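Colleague: One predicted model, sequence on top.
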There are 2 protein chains.
Amino acid sequence: MNVEIVTIGDELLIGQVVDTNSAWIGQQLGDAGFRVTKKTTVGDVEQDIREAIDGAFNRVSIVLLTGGIGPTKDDITKHTLCNYFNCRLSFSEEVYQNIVDLLNRSGRAMNELNRSQAMVPDGCIVLQNEAGTAPATWFEKDKKVLVSMPGVPYEMKALMKEKIIPRLKKQFLQDTFIRHSTLSVAGYTESALAETLTPFEADLPAYVKLAYLPQPGIVRLRLSAYGNRESQSVQSIEEQKKKLYALLGDYIFSEGNETIEQVLGKKLEEKEYLVGTAESCTGGMIASRITTWPGCSKHYAGSIVSYSNDVKKNVLGVSAKDLETYGAVSQQVVEQMVKGAIRVLGCDCAMATSGIAGPDGGTPDKPVGTIWVAAAVKDRVLSECFHFGKVREQNMLRTTNAAFLMLLKML
Amino acid sequence: MNVEIVTIGDELLIGQVVDTNSAWIGQQLGDAGFRVTKKTTVGDVEQDIREAIDGAFNRVSIVLLTGGIGPTKDDITKHTLCNYFNCRLSFSEEVYQNIVDLLNRSGRAMNELNRSQAMVPDGCIVLQNEAGTAPATWFEKDKKVLVSMPGVPYEMKALMKEKIIPRLKKQFLQDTFIRHSTLSVAGYTESALAETLTPFEADLPAYVKLAYLPQPGIVRLRLSAYGNRESQSVQSIEEQKKKLYALLGDYIFSEGNETIEQVLGKKLEEKEYLVGTAESCTGGMIASRITTWPGCSKHYAGSIVSYSNDVKKNVLGVSAKDLETYGAVSQQVVEQMVKGAIRVLGCDCAMATSGIAGPDGGTPDKPVGTIWVAAAVKDRVLSECFHFGKVREQNMLRTTNAAFLMLLKML
């Protein structure tokens, strides 16, 4: 069953907000057996919103809208839908009570704008928003469904998970089952991997698709199987996955949508190891990636972000002489950093980074992108020098992934 | 001059990749005087790509495509454009040489797939991609322009900045000038702010628009002015900005697209202060936010991410007795953390966080979302307890912004 997403907001068009909602919706719908076939983003303009809805209804039976239902004047989605579906706004006691409760909980006062959010179109089903003041609204017309949701990510996510997806599943019986499966591969560039997999791709049945999703230092392979029975889709995926394992073996470091930090975390838990980091050029990104996963408290001790040389010396115990002789971006320093992390943080293993992330700070000897990464497990220390590119954010991401992979291999 | 963006890739629809490209493109085009009026995302399906292009060309004269031009089989944009514009693929010596140079530089070998990227449509202008193997291609038809770009963000960005935007500016003379200006406001919820600004909004001339862009703990206000002369747009924006300053005064902490960490960074540089952090529940996010800005090395010393209590005690010197008596999430502990950061990292000021980010770990006394934040400048220490929600990522973001704001106020 195909779905289209329409995201609404001038801020999305002028680029002041990155639309993370529609990617999340795509994932959730995919898992539930739906398939997003198109996404459209329009501004807060009635005519554009109407045209986007018309276009989507011409192609599919389910249209999901996000955004434009806040209390402020620039948000016009609710009024547009009222006109589109020939409804009128009427006061909902239930929605009003929800707003009152929400404001009370956070100690805020009710104002006219909050009150106006209790006015909802009379021709729709209202889906209460427990995390915010704007409810979702579910419209039906000629057996087609349109759902309008708030654009605030955690409000939208709660509504989708708890109310909208269950309703969609119930209402639209599935003829086609889609299953996705992802394998994460390290140690191959995208094109080298594609060359290795050419015969595999040629042999793929028509109802299975393979896609390459490159990240800095990692390529994720996504298999998608389309079948008319759930068991069929699952079986096709499993068969192709086996073949990929036979071809790529140890280069596959993770399955499913697990991130590399989750894979590492599970390995650390198995071994009952505590991990820490000593970060210079990644500036806390490794720590931050580890701690996005709530499960990390079992295996994560902490980090020393030693951005300045003083912190490298005074906190991590890096030799002042070595810092002067070899510079901060050197094997000597990064290895002392990783050992320092184990000692100071009292952990079993650690990762360390020191490099020139850019855009400035390069020298002829050590141009921007020269980055040392070290990993240590107890007394064993490994280190490697990478030569990445010129883009700061990209260099930080690649370094972070390189550090995770290095430690993962050592465990 | 209006522009539409078409992003291509199954990975965008199923949500395995968040489209950050189109937001960036929207920003850059806005600054250059263009206006993105619609974005469409389609899968790697010829028919869908063609329909998206047809639709866009019906509405605007400039269409920008990203994605689907990698070397692998699932990428079909190049072939689709060949069919659409009635071109043939022909070998480009220049593109081939660029691929050879790129591979040499990174020590990789040429393979069939790389070689195939030197085949380009013969009816277009080829814009060399110095950061990757797939060039951008510029097609013209009936005075309308379509540009196809790689989906890899840093490749696309370099091409847009250096080649595509300059060409678009030259080719499409501007009749309408658009200027955006953003003010960041702290200390107001979105709806309280909207209530305060109701008379201001009612007085806005038709050619100026105001939009609210809420972030955790911060609302950005975006003014957009549309005029037929550049000076007119600039003047309208300046007039309205003055009014906002008169209404909101100190609640405005930043102007333009500066982030709060950049505002803080500039203030620290002015005072020649070094800053550090001691992070528990934010797990390195504050450090990571500070270091995304390359200019941070002048004012940033480093951080102690003290996720475990042992690190709080052993590295930051938090009293074991206080940890036991009051718990890690307490005023006593967060204040000792912030003082410890100043002492251990040798800096002038610091921020510290300790809280229950969730989703687990809450108690009746301290439910999920209970978070202590402290900031210190030399001997002065401030701390505050926040009661946020249940969503981990959201709590971390709000805490990070709260810490930045707290220190900013103290400086």
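Modeller: Cool, the structure landed.

Colleague: wait, what's in contact with residue A:44?
Modeller: With contacts defined as C-beta atoms under 8 Å, 6 or more residues apart in numbering or on different chains, residue A:44 is in contact with A:8-10, A:68, A:74-77, B:211. Where you see a C-beta, it was placed from the backbone N, CA and C, and this is true even at glycine.

Colleague: Out of those, who's the most crowded?
Modeller: Counting by other C-beta atoms under 10 Å in any protein chain shown, residue A:68 has the largest number of neighbours within these, with 29 neighbours.

Colleague: Distance check, the closest residue to it other than its chain neighbours against chain B.
Modeller: The shortest distance from residue A:68 to any residue that is not its chain neighbour, by C-beta to C-beta, 6 or more residues apart in numbering or on different chains, is 3.4 Å, and that residue is residue A:77. When distances are taken as C-beta to the nearest C-beta, to the nearest Å, residue A:77 and chain B turn out to be 14 Å apart.

Colleague: do the same with residue A:10
Modeller: For residue A:10, the distance to chain B (C-beta to the nearest C-beta) stands at 5 Å.

Colleague: Also residue A:237?
Modeller: Residue A:237 sits at a distance of 14 Å from chain B (criterion: C-beta to the nearest C-beta).

Colleague: Let me see the contact set for residue A:377.
Modeller: A:273, A:348-349, A:407, A:410-411.

Colleague: Let's see that with 7 Å instead.
Modeller: Taking C-beta atoms under 7 Å, 6 or more residues apart in numbering or on different chains as the contact definition, residue A:377 lies against A:348-349, A:410-411.

Colleague: same thing with residue A:320?
Modeller: Under the criterion of C-beta under 7 Å, 6+ apart, the neighbours of residue A:320 are residue A:313.

Colleague: can you check the one 3 residues further on too?
Modeller: The neighbours of residue A:323, taking C-beta under 7 Å, 6+ apart as the test, are A:309, A:312-313, A:333.

Colleague: cool, and residue A:134?
Modeller: By C-beta under 7 Å, 6+ apart, the neighbours of residue A:134 are A:69-70, A:117, A:150.

Colleague: And the strands in the stretch 101-250 of chain A, which stretches?
Modeller: Ranges of strands in the stretch 101-250 of chain A, per DSSP state E, counting those that start in this stretch, are A:119-121, A:125-127, A:136-141, A:144-149, A:177-186, A:208-215, A:218-227.

Colleague: Distance from the lowest-mean-pLDDT helix or strand in chain A to the middle of the chain?
Modeller: Of all regular secondary-structure elements in chain A, judged by mean pLDDT, DSSP states H and E, the least confident is strand A:208-215 with a mean of 81. Mean C-alpha position of strand A:208-215 versus that of the full chain (C-alpha atoms, centre = their mean, to the nearest Å) differs by 16 Å.

Colleague: picking that back up, so who does the residue nearest to residue A:68 touch?
Modeller: The contact partners of residue A:77, by C-beta under 7 Å, 6+ apart, come to A:8, A:49, A:65, A:67-69, A:148.

Colleague: Quick check: of these, which lies closest to residue B:32?
Modeller: Each of those was scored against residue B:32 by C-beta to C-beta, and residue A:8 proved nearest at 24.2 Å.

Colleague: Bridging across strands, which residues link to the residue nearest to residue A:315 when sequence neighbours are not counted?
Modeller: Beyond its immediate neighbours in the sequence, the residue positioned closest to residue A:315 (C-beta to C-beta, 6+ apart) is residue A:304, lying 5.4 Å away. Each beta-bridge partner of residue A:304 is listed here, defined by DSSP bridges: residue A:278, residue B:304.

Colleague: any idea of the pLDDT on the residue sitting furthest away from the middle of chain A?
Modeller: Residue farthest from the centre of chain A, counting by C-alpha atoms, centre = their mean, is residue A:321 at 42.4 Å. pLDDT, residue A:321: 98.

Colleague: check which helix or strand covers it.
Modeller: helix A:320-326 (DSSP states H and E).

Colleague: Just list what the helix or strand following that helix packs against, helices and strands only.
Modeller: For helix A:320-326, the following helix or strand on the C-terminal side (DSSP H and E) is helix A:331-345. For helix A:331-345, the elements it packs on are strand A:275-279, strand A:300-305, helix A:320-326, strand A:349-355, strand A:370-377, strand A:380-387, judged by 3 or more C-beta pairs under 7 Å, 6 or more residues apart in numbering or on different chains; DSSP states H and E.

Colleague: how about a cut-off of 6 Å?
Modeller: strand A:275-279, helix A:320-326, strand A:349-355, strand A:370-377, strand A:380-387 (3 or more C-beta pairs under 6 Å, 6 or more residues apart in numbering or on different chains; DSSP states H and E).

Colleague: Buried residues, it. List them.
Modeller: The neighbour-count check on helix A:331-345 (16 or more other C-beta atoms under 10 Å in any protein chain shown) flags A:332-342, A:344-345 as buried.

Colleague: related to what we said a few turns ago, next, give me the two most distant ones among the contacts of residue A:323.
Modeller: Within these, A:313 and A:333 form the most distant pair, 10.1 Å apart (C-beta to C-beta).

Colleague: from the contacts of residue A:44, which is closest to residue B:14?
Modeller: Taking C-beta to C-beta as the measure, residue A:8 is the one of those closest to residue B:14, at 21.5 Å.

Colleague: Output the below-cut-off pLDDT ranges for chain A.
Modeller: By pLDDT under 70, the low-scoring segments of chain A are A:173-176.
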